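Peer 1: Task: produce atomic coordinates for the following.
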Amino acid sequence: MTRRMLALAFAALCAPLPAAAGTIGVFTHDYGLLGPLAGQHIPQGSITMLPTAAVVDDSPTGDRAGAFRDSFDLSSLASYVIRSLTLTLSFSGTGAAPTERWYFDIYGSVQGSISDNLYTRMPEIGILDTGTVSLRVDYNTDDADVDVFATALDTLKLDFGFDENVSGTANDFLLYDAVLTVNGAAVVPLPAPGALLAGALLGGALWRRRRARGAAAAA
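Peer 2: Below you'll find the predicted structure:
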């Protein structure tokens, strides 16, 4: 085994290792005034806070710019490897087309634009029913236009909001909560005993190599 090979083996033994993938964080924004997180997080935009939900509304001319904006802070996961983000919303009252057409957007890097967002149309749910909608972002959802996942990793936050593009009507719906589930892995450093063992093996190999060279020179 050459010295270079020994050095590479030692570096591999000492390098931090990713742990098994799984859920590394769950973050909840509860929009009810009487909820467990009441007052801890206030979103931006055209909203009215109720005891159990926030009223998200648009303008009579249709608001593609977004009448509601919120953000999840991911800075507590800076030391982790993030592999995917899944945002799930609970809501009611999105109505029925053609008078309502709500969209749920996760924003990319360009503020005020929808071209780099990842979005989905929200299901049509009556005011007496509760529905959910989810968006998952990862390396596969980004492309030449959409840069949502890359932006989240770069800024360590996830921005989202809504738009409703039926002109001439003013619509609203109730948003109860938003739950962000982060999938990834922690980076686990090699324990100290493992590093010591690797060093001992490397040192022993080098000592044996030098002894063999010395014996050959004496002969």
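Peer 1: okay, how far is it across stretch 149-162, tip to tip?
Peer 2: 18 Å (Cα to Cα, to the nearest Å).
Peer 1: Which stretches in this protein count as strands?
Peer 2: 17-18, 22-30, 44-45, 47-49, 54-57, 63-73, 80-92, 102-106, 118-121, 131-138, 157-164, 172-188 (DSSP state E).
Peer 1: Out of these, the one nearest Asp145 is which?
Peer 2: Closest to Asp145 of those, according to Cβ to Cβ: strand 118-121, at 10.0 Å. C-betas here are computed from N, CA, C, even on glycine.
Peer 1: Listing partners with orientation, what would you give for the closest one?
Peer 2: Paired strands of strand 118-121, with direction, are strand 102-106 (antiparallel) (DSSP bridges).
Peer 1: Buried residues in the strand it pairs with, which are they?
Peer 2: Buried residues in strand 102-106, defined by neighbour count with 16 or more other Cβ atoms under 10 Å: Trp102, Tyr103, Phe104, Asp105, Ile106.
Peer 1: quick revisit: and of the strands of the chain, who's closest to Phe149?
Peer 2: strand 131-138 (4.5 Å).
Peer 1: average model confidence for the closest one?
Peer 2: Averaging pLDDT along strand 131-138 gives 98.
Peer 1: Could you name the helices and strands sitting against it?
Peer 2: Helices and strands touching strand 131-138, by 3 or more Cβ pairs under 8 Å, 6 or more residues apart in numbering; DSSP states H and E, are strand 80-92, strand 102-106, strand 118-121, helix 148-155.
Peer 1: so how many other residues sit close to Ala21?
Peer 2: By other Cβ atoms under 10 Å, 13 other residues sit near Ala21.
Peer 1: same thing with Ser92?
Peer 2: Residues lying near Ser92 (other Cβ under 10 Å) number 17.
Peer 1: Ok, Thr141 next?
Peer 2: For Thr141, using other Cβ under 10 Å, the count is 17.
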